[in-house]
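# got a structure for you, letters missing:
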């Protein structure tokens, strides 16, 4: 029997909080992965399982030795450099959970035990940019490592990431746009890297905008429950792109136990895995194309095609893979187009160079003007005739 307990992990507003559950057999864990069924994972795997794609997980670290992730986790980097270390309880719990949702491959005979990710053959590139809620160094890191997220996005883009998963965010009252983070996101997008972020868990606290989800070009993910309904904690806001399972999601933990968690963090990881599938089958599609593709192929769309709570609907990797076959790849950054003509209009008339004609023109014009003046003086001295009234029906009297 594999333990199945409750977990609590809060990361900058990207919450992953477990709910109580009794012990569960290993195969029962697989049965609990309702998200794979909702996203038609088995059908998508008939086309691809994400091989050849690297998903950077910017988080609290990833336990690459976990049986469900062994062999899939690349050498990453730690941009925090403090806090808990491997083996400590407050190390890599949230990041490992996200990596499992994205690329878990299970373990044991025929890999029937543990969790399966939506893209089980994708590779994980761990980038530690935040600390766990229970990490004693968290407060210090927030003060001294505030630029880690922007640095991490650029680092991932420069070290082979095809997709960047940001199951984190700040949706507090003080949340605001950070130029360095926005610029890092645009840098990654320009290099062809798809950026996915959790929409935030502020649905009960006023639906404040969450960053990095609100940066331009990011695929922002909201959470739904088993019935496809918006999770009450999930932030509703203008930037919502698509939704994904975010309630009662089975997650792997470094302690080798499994938990059920909730949050837009989990939903974000599902969508990053779905993007990995699309990128594996169509590696040349640009981030903008993939974002549009997910929007246009999402299932269970809200009335009108989109709303702030679920975006364009539930992400559908099967439909996205099918629709992608008809797309022609575009470059990440639009190519400049040459102007059809050198000016917006015809431009000014060319000025003629001074020549013989021009030299003679001024004296001739002056002589003509003088002659007209003399003629006017002569006419003015002649006697005037009777004035004609403007009304032709009457004669002037007297």
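Yes, it's here. These figures come from a predicted structure and were not determined experimentally. Numbers count the residues shown, from 1 in each chain.
# Tell me, how many residues neighbour the closest residue to residue 147 other than its chain neighbours?
Nearest residue to residue 147 in three dimensions, chain neighbours excluded: residue 180, at 6.2 Å (C-beta to C-beta, 6 or more residues apart in numbering). (Each C-beta comes from the backbone N, C-alpha and C, glycine too.) Counted with other C-beta atoms under 10 Å, the neighbours of residue 180 add up to 14.
# Could you name the specific helix or strand carrying residue 180?
Using DSSP states H and E, the element containing residue 180 is helix 179-190.
# what lines up beside the next helix or strand after that helix in the sheet?
Sequence-wise, the next helix or strand downstream of helix 179-190 (DSSP H and E) is strand 194-198. The pairing partners recorded for strand 194-198 under DSSP bridges are strand 163-166 (parallel), strand 219-224 (parallel).
# any chance of the ones you listed in JSON lines, with mean neighbour count, distance to residue 248 and mean pLDDT too?
What follows is the strands paired with strand 194-198, written out as JSON lines (neighbours: other C-beta atoms under 10 Å; distance: least, C-beta to C-beta, whole Å; pLDDT from 0 to 100):
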{"stretch": "strand 163-166", "mean neighbour count": "32", "distance to residue 248": "20", "mean pLDDT": "98"}
{"stretch": "strand 219-224", "mean neighbour count": "31", "distance to residue 248": "11", "mean pLDDT": "98"}
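# how much space between the residue positioned nearest the centre of the chain and residue 173?
Nearest to the geometric centre of the chain sits residue 218, at 0.8 Å (C-alpha atoms, centre = their mean). As judged by C-beta to C-beta, to the nearest Å, residue 218 and residue 173 stand 21 Å apart.
# So what's the gap between stretch 214-234 and the chain middle?
Taking the mean of its C-alpha atoms, stretch 214-234 sits 13 Å from the chain's own mean (C-alpha atoms, centre = their mean, to the nearest Å).
# Quick check: end-to-end length of it?
End-to-end distance of stretch 214-234 (C-alpha to C-alpha, to the nearest Å): 14 Å.
# Likewise for stretch 65-79?
End-to-end distance for stretch 65-79, by C-alpha to C-alpha: 20 Å.
# ok, back up a step: between the helix holding residue 180 and strand 194-198, what angle do the directions make?
With axes from the mean of the first three to the mean of the last three C-alpha atoms, to 10 degrees defining the directions, helix 179-190 sits at 130 degrees from strand 194-198.
# Which strands or helices does helix 179-190 pack on?
Helix 179-190 sits against helix 148-158, strand 194-198, with contacts defined as 3 or more C-beta pairs under 8 Å, 6 or more residues apart in numbering; DSSP states H and E.
# that's a helix at residue 321, yeah?
Yes: counting by DSSP: H, G, I helix; E, B strand; the rest coil, residue 321 is found in a helix.
# these two touch, right, residue 145 and residue 78?
No: taking contacts as C-beta atoms under 8 Å, residue 145 lies outside contact range of residue 78: 10.4 Å.
# Please say which of the two ends up with more neighbours.
Set residue 145 next to residue 78 and count neighbours by other C-beta under 10 Å: residue 145 wins out with 20 against 15.
# Count the residues that sit near the nearest residue to that one once chain neighbours are set aside.
Leaving aside its sequence neighbours, residue 145 sits nearest to residue 80 (C-beta to C-beta, 6+ apart; 5.4 Å). Other residues near residue 80 number 21, with proximity taken as other C-beta under 10 Å.
# which residues does residue 80 contact?
Applying C-beta atoms under 8 Å, 6 or more residues apart in numbering to residue 80 gives the contacts 128, 129, 130, 131, 137, 141, 145, 148.
# So it versus residue 239, what's the distance?
For residue 80, the distance to residue 239 - C-beta to C-beta - is 27 Å.
# ok, now how distant is the nearest residue to residue 153 once chain neighbours are set aside from residue 228?
Nearest residue to residue 153, sequence neighbours excluded (C-beta to C-beta, 6+ apart): residue 184, at 4.0 Å. For residue 184, the distance to residue 228 equals 33 Å [C-beta to C-beta].
# Comparing the two, which residue is more hemmed in?
Between residue 184 and residue 228, counting by other C-beta under 10 Å, residue 184 is the more crowded of the two (25 against 14).
# what sits against that one?
By C-beta under 8 Å, 6+ apart, the contact list for residue 184 reads 149, 150, 151, 153, 154.
# Closest one of those residues to residue 255?
Distance to residue 255 across the contacts of residue 184 (C-beta to C-beta) is lowest for residue 149, with 26.5 Å.
# okay, that closest one: pLDDT?
Looking at residue 149, its pLDDT stands at 97.
# now swap in the one 5 residues further on and tell me
Each residue has a pLDDT score; the one for residue 154 is 98.
# my read: residue 137 touches residue 128, true?
No: between residue 137 and residue 128 there is no contact under C-beta under 8 Å: 11.7 Å.
# Comparing these two, which residue is more hemmed in?
Between residue 137 and residue 128, counted using other C-beta under 10 Å, the more crowded position is residue 128 (25 against 17).
# Tell me how far that one lies from residue 81.
According to C-beta to C-beta, residue 128 stands 9 Å off from residue 81.
# was I right about residue 125 contacting residue 58?
No: taking contacts as C-beta under 8 Å, residue 125 lies outside contact range of residue 58: 9.2 Å.
# which residues are in contact with both of those two?
Applying C-beta under 8 Å, 6+ apart, one finds that residue 125 and residue 58 are jointly contacted by residue 156.
# okay, the two: which has more neighbours?
Legend: neighbour count by other C-beta under 10 Å for residue 125 and residue 58, higher for residue 58 (30 against 25).
# Give me the number of neighbouring residues for residue 70.
12.
# List the residues that contact it.
64, 107.
# Confirm that it sits in a helix.
No: read with three-state DSSP, residue 70 is coil and lies in no helix.
# and the gap between it and residue 104?
Applying C-beta to C-beta, the value for residue 70 to residue 104 is 10 Å.
# just residue 214 next, same as before
Note on residue 214: its distance to residue 104, by C-beta to C-beta, is 29 Å.
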